[in-house]
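> Test case, fold it:
(chains A, B and C)
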Amino acid sequence: MNALKKLFGGDTRQFGMIFALVALIVLFQWLTGGITLTPGNVINLFNGNSYILILAIGMVLVIIAGHIDLSVGSVAAFVGMMVAITMRDWNLPWYLAILLGLGLGAVIGAWQGWWTAYVGIPAFIVTLAGMLIFRGAQQFVGQSNSIPVPREFQYIGAGYLPEVGPDTGFNNLTLLLGLAGVAFVVFSEVRRRRMAKALGAEVSETWVSILRLVLICGAILYATYLFATGRPGTSFPIPGLILAVLVLIYGFISSKTVVGRHVYAVGGNRHAAELSGVKSKKINFLVMMNMSIIAGLAGMIFVARSTSAGPSDGTGWELDAIAAVFIGGAAVTGGVGTVIGSIVGGLVMAVLNNGLQLLSVGADWQSMIKGLVLLVAVAIDVYNKSQGRASIIGLMMKNFNRPSSGPGTPLQPDEVTSTRETISREA
Amino acid sequence: MRMFGKAGKAAAVAAIAALALTGCGRSEPSNSGGGASGGAGGFPQDSAIGVALPKKTSENWVLAEKLFNDGLSSAGFKPTVQFANNGVAEQQNQISAMIAKGAKVVIVGALDGSQLGTQLKQAKDAGATVIAYDRLLLNTENVDYYVAYDNFKVGQLQGQALLDGMKAKKPSGPYNVELLAGSPDDANAKVFFDGAMSVLKAKIDDGTLKVLSGQTTFEKAVTQDWKAENAQRRMDTILTGSYGTESLDGVLSPNDTLARAVLTSVKAAGKPLPVVTGQDSEVESVKSILAGEQYSTINKDTRKLVEHAITMVKDLQAGKKPEVNDDKSYNNGNKVVPAYLLEPVIVTAANVKTAYKGDPVLEPIIK
Amino acid sequence: MTSQTTQTDPIILEMRSITKEFPGVKALDNVSLRVKAGEIHAICGENGAGKSTLMKVLSGVYPYGSYDGDIVYQGQVQQFRDIRASEHAGIVIIHQELALIPELSIMENIFLGNEPTKRGVIDWAEARLRSLDLLARVGLRDDPDTPIKEIGVGKQQLVEIAKALNKSVKILILDEPTAALNESDSQHLLDLMLGLKAKGITSIIISHKLNEIEQIADSITIIRDGKSIETLDVKADGVDEDRIIKGMVGRTLESRFPDHTPKIGEVFFEVKDWTVGHPQIQDRLVCKNSSFFVRRGEIVGFAGLMGAGRTELARSVFGRSYGHFVSGQIYINGKEVTLKSVHQAIDAGLGYVTEDRKSLGLNLLDDIKTTTVSANLEKISKRSVVDTNQEFAVAEQYRRSLRTKAPSVQEGVAKLSGGNQQKVVLAKWMFTDPDLLILDEPTRGIDVGAKYEIYGIIQELANQGKGVIVISSELPELLGLSDRIYTIFEGAITGVLNKEEASQESLMKLMTSTTRKVA
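Predicted coordinates:
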């Protein structure tokens, strides 16, 4: 167990979620008699949930900054409808329509960001209003009708990579993507180790790195295999590709850029951030604006997949996205959360949905099960925090842990007492 | 996979390349079964059959779920019957899951008939036959059959019943009426409304019927999600707004749930009950007709509809072409869908005693 | 609870060999405590020594069974399951963070959870009578209907005690009761404790203010590193502050301030006629025509009572981060500058270490390295992308040079002790390389050993030619550290004294105004 912890770095919370996800997949694979991990089904899984996962990316930033956005479903529906209408009535080509959709998302986001950041109205209220405003606007412009979108546009929501190159028995582009993924993972691990060594920081043992690489690359390769061997004409789906690109971009922004740091700082302690020179209003504005742009994108992807924009698009999406973010380890109070965690949280929900559907479990039961999963996931987190433990994994590892897991050097007295102080303070 | 360390990257690439090269040839896309011709070869008796139903909002859908499960199981099939209570996205995923499970026939009672294109194509690519149940699937070539009650006829019957009912109460006009339509995302809602308006439009134009709220178009009359609360709220507003002193003689309601919502609203306003139409023969509404409150409903026996859908599945299983009785009327925007239409029956207090003979649920009530 | 109260036994409470473990840490190791009936018993120890944990064991926050050892109270072994059980037995704890509800009145707070009822309905007349009596006993003359949020922290503390008295308290535990109080409120509270003692109530007090302990305590138990070191009888043993410090740190501190020879240069920072309005209340000024200057290499002290406007002055100068600006000029190196935002202030070479570390100074969710670079991310970023390797290197460098005690720079700041947290905050501002660093209560809540180190850091900054402003409520600290001290009263600067001419008396006189409008 200690080895497992090392394998996934110090973040046991994240590891717990990945563990749960894998366990869930294995469980459903067994219960459904092997249907869960078939090419067709994993493609469905990504196609049918990518828009929620994309929303979760924007939502986690909003929640890290200490806000919430209830309007994403309505904004997504409104943007989707506007894009559908402009393509039908103005004969706008699909690429211009997508740009228009993103622009519209930005304008809506600027509107909500302005109220939240500069007027100082809580985002809960601003976006509750937005939820009503943009739902109404969507039904107004769409006349409560369903409006079909052209085939080229459908590509972003239901498209696949083309079949190119020699007949290898696989979808070649999917293979290349998988290989690129593996190369990227290996390269960054090697680079990380080299840097850590150069800086004199703690470097995990070689076997740990290798085992981690084997596991991650194995997972990537297996997924690649599944996606590349689907029915001819299918591949890693386009919405999944968009999702992957967004995860990379936002993962990078949130962890490696100044703006990303400032988002965490504002959410963690706004006053402290302001007194360190962070422009918290600007950060809040950007976060809210970004959310609406992403909502617009999610709306367009959904419309593309549905082949038309309908009057009830986007209902309840905000809740799915928020649930994904919280299952993924974000804190209601802000300052905590990761993009990748939210994606894992969203995937837990998606696999649960998909598995229950494959098992022909009714929507009523699904809803109850999902509700309980959300509650239990967050409850375990809260319980463990109140017990001074990191997470459920910490609980599992209790008996395996040495009193202090510090790296070699014996602890100074003051360090011991400081830990004690923290614990007694927290409890 | 024991190749990490310095040359890890290169080794990984090489290994995958090798894996890729040894893979078997990727077959060309085949014209897999199904097709508009309708399952020429048939399929095994114990195949999976998917039934995707919309939201669980009325008794008929609940009944349909049971009938599909029982009927398909007893015929030896493996049915999966699911409701999409959480919206279109859920229905999309359900249909995808049914295909993943290898369903040979997918029966779709669509939540929004125009938003399932991608999944229907998926079904077709996987070789499944698609039957639109009760609601037509729009803007797609990937639908093979349509089985439903004649919904335009339903609307006409409702319109006529409204006129007859008011005439019986008050021999001559003008009559004050209000119009309700169903949910805009249900393709049938507009058909019902148009059917009714084909009877009522002339009377509105010549002044026999007056719509005091002025809301006479489908867009203004819609009831989002077929929800009773939405209809009731709209009626409350109209009653306070336009019927302070005027009396309300009749309300065109597209189904029973909404009809009862209208009656609740009128009672709350303390007005005499108007003539209210309905549809679906829900238990509460049949009781209401017996009690002299709701004027009419439509008997679209769900058992017959499900029975015919199952017959179609059996025909497809045996490799036969299912029976249709209308291959001209139902153009979904991409193709004319061959349809089998069942005749609806209007039920009022006059024939309520005889209309539900043999219905296990409703027969005890009319006794 | 116990029927056979033995009045003859002078020991009302004995905690025997208490051991409390958290996963991986022994917070209390065989701690013993004997409290005599009717005495004031002080518990001393550095931050993190285990004082609060011990009190939580006593008051049932950590229930019976979660610790080893016995609590013997009034001659019987107790098994408190929760706070209610200990309160029922007459042991009431008043925490550092007051447990009052700001929107409710004094009276409602006193009777919260303990409302006098008549047939299930709250009997407000009875409550009012009893609260008037209780308030008189603690010396509070406010109307019981006054909302808590409208009275000061000092009075809130008294309300807490009144609330405890209402529960017929036998042992009153006060955790850092005077930490947030000014001199006169503190004195009032100490007097009250002596008064309660005269009425036979036993008190246990936890405090960092050794002078106060020396003043009121009958005996002192010293805890160090989770172990009880010794119990001193104040009168018999002739205990003084140095004796207590020796017990707390395990050695005698030769000097409380490091040696320092100032190298003072020319004036480089000057504020003139600085006037700032209250952020909410119109027409109320928190700074009035204040002028001051700082020279290179100089440590300038700001003395004033709580609420005199020291923090307000500092924060309004620091990029107008408090109140609304009315008038005034700032000159840096002789040139007038306008600093409208914190960002501009930092760019102009200012740094400000906040008074309230946890709510204003730190993001407790961050680790050491993120905190260290958080005020100067640009320096380690290229095209807005943070170089995490450099971040690590910078944080590591400060961890070593400031001797921050932490296993690594990846440690969360929430896990550090107060002194080490303050070092991280100092590192954060040192990394912005400010010309003028303003330190607001830099040693509050920090134990003696760490204070000494922080003084050293401050002096080192001055040696590098930076200007340092130190705001502090502790006059000895200002006297020991500063080259020059300004005094503030009611938002105005009332005087400035050089190191040589300043004394506690001379400062106090200026801090309570030259005009003496208010007592």
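
> Please count neighbours and contacts with C-alpha atoms only from this point.
Noted.

> Does chain A have contacts with stretch C:268-281?
No. When contact is scored as C-alpha under 8 Å from any C-alpha of the partner chain, no part of stretch C:268-281 falls within range of chain A; the minimum is 15.1 Å.

> Contacts for that stretch, please.
Outside of stretch C:268-281, the residues that reach it under the criterion C-alpha atoms under 8 Å, 6 or more residues apart in numbering or on different chains are C:283-296, C:313, C:316, C:322-334, C:436.

> Residue 186: helix or strand, and which one exactly?
As the question left the chain open, I've gone with chain A. When secondary structure is defined using DSSP states H and E, the element that contains residue A:186 is helix A:172-199.

> Please refer instead to chain C.
Mapping residue C:186 onto the secondary structure by DSSP H and E places it in helix C:183-198.

> can you check residue C:231 too?
Element membership of residue C:231 [criterion: DSSP H and E] is strand C:227-233.

> Counting by contacts, list what that strand packs against.
Under the contact criterion of 3 or more C-alpha pairs under 8 Å, 6 or more residues apart in numbering or on different chains; DSSP states H and E, the helices and strands touching strand C:227-233 comprise strand C:25-36, strand C:219-224.

> In space, not sequence, find me the middle residue of chain A.
By C-alpha atoms, centre = their mean, chain A has its centre lying nearest to residue A:343, at 2.7 Å.

> Check whether it really touches residue A:326, as I assumed.
No. Here residue A:343 does not reach residue A:326: they are 10.6 Å apart, not a contact under C-alpha atoms under 8 Å.

> Show me where the stretch 251-400 of chain C has its helices.
C:310-317, C:342-347, C:368-373, C:388-401 (DSSP state H, counting those that start in this stretch).

> Return the distance of residue C:14 relative to residue C:207.
Applying C-alpha to C-alpha, to the nearest Å, one obtains 20 Å for the distance of residue C:14 from residue C:207.

> pLDDT of the helix holding residue C:186, averaged?
Across helix C:183-198, the average pLDDT comes to 86.

> name the helices or strands packed onto it?
Where contact means 3+ C-alpha pairs under 8 Å, 6+ apart, helix C:183-198 is packed against helix C:153-166, strand C:202-206, helix C:210-216.

> can you tell me which of these comes nearest to chain A?
Closest to chain A of the helices and strands packed on helix C:183-198 is strand C:202-206 (C-alpha to the nearest C-alpha; 14.7 Å).

> how about that closest one against chain A, any contact?
No. Contact between strand C:202-206 and chain A, assessed by C-alpha under 8 Å from any C-alpha, is absent, since the two come no nearer than 14.7 Å.

> can you check stretch B:325-338 too?
No. Counting by C-alpha under 8 Å from any C-alpha, no contacts exist between stretch B:325-338 and chain A, the nearest distance being 10.3 Å.

> how long is that stretch from one end to the other?
Across stretch B:325-338, the terminal residues are separated by 8 Å (C-alpha to C-alpha).

> Can you tell me what sits against that stretch?
With C-alpha under 8 Å, 6+ apart as the criterion, stretch B:325-338 contacts B:136-141, B:143-146, B:324, B:339-341.

> pLDDT (mean, whole number) over it?
Taken as a whole, stretch B:325-338 has a mean pLDDT of 87.

> contacting residues for the residue of the stretch 201-350 of chain A found nearest chain B?
Scanning the stretch 201-350 of chain A for proximity to chain B using C-alpha to the nearest C-alpha identifies residue A:306 as nearest, at 4.3 Å. By C-alpha under 8 Å, 6+ apart, the contact set of residue A:306 is A:157, B:114-118.

> Chain C versus the closest residue to residue B:179 other than its chain neighbours, what's the distance?
Beyond its immediate neighbours in the sequence, the residue positioned closest to residue B:179 (C-alpha to C-alpha, 6 or more residues apart in numbering or on different chains) is residue B:252, lying 4.8 Å away. From residue B:252 over to chain C the distance is 55 Å, taken as C-alpha to the nearest C-alpha, to the nearest Å.

> And residue A:295, by the same measure?
When C-alpha to the nearest C-alpha is the yardstick, residue A:295 and chain C sit 25 Å from each other.

> right, and the helix or strand after the helix or strand harbouring that residue?
Under the assignment given by DSSP H and E, the secondary-structure element containing residue A:295 is helix A:280-306. The C-terminal neighbour of helix A:280-306 among helices and strands, as given by DSSP H and E, is strand A:308-309.

> Which other helices and strands does that following strand contact?
With contacts defined as 3+ C-alpha pairs under 8 Å, 6+ apart, strand A:308-309 has these neighbours: helix A:72-89, strand A:147-148.

> and the first one with helix A:280-306, angle?
Pointing back at helix A:72-89 there. Between helix A:72-89 and helix A:280-306, the angle comes out at 60 degrees (axes from the mean of the first three to the mean of the last three C-alpha atoms, to 10 degrees).

> Output the helix holding residue C:186 as CSV, restricted to C-alpha atoms.
Provided in CSV are the C-alpha atoms of helix C:183-198 (Å, rounded to 0.1, in the frame of the first residue of the first chain):
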residue,chain,number,x,y,z
GLU,C,183,-4.2,46.7,28.1
SER,C,184,-7.2,48.0,30.1
ASP,C,185,-9.5,45.2,29.0
SER,C,186,-6.9,42.7,29.9
GLN,C,187,-6.5,44.2,33.3
HIS,C,188,-10.2,44.2,33.8
LEU,C,189,-10.3,40.5,32.9
LEU,C,190,-7.5,39.6,35.2
ASP,C,191,-9.2,41.5,38.1
LEU,C,192,-12.3,39.6,37.4
MET,C,193,-10.5,36.3,37.6
LEU,C,194,-9.1,37.3,41.0
GLY,C,195,-12.7,38.3,42.0
LEU,C,196,-14.0,34.9,40.9
LYS,C,197,-11.3,33.2,42.8
ALA,C,198,-12.4,35.1,45.9
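
> Just the pLDDT at residue B:3, thanks.
At residue B:3 the predicted local distance difference test score is 37.

> Chain B contacts on the stretch 101-250 of chain A?
A:143-146, A:148, A:158, A:167-170, A:179, A:182-183, A:186-187, A:190, A:210, A:213-214, A:231-233.

> Out of those, which end up buried?
Neighbour counting over these (16 or more other C-alpha atoms under 10 Å in any protein chain shown) leaves A:144-146, A:148, A:158, A:167-170, A:179, A:182-183, A:186, A:190, A:210, A:213-214, A:231-233 as the buried ones.
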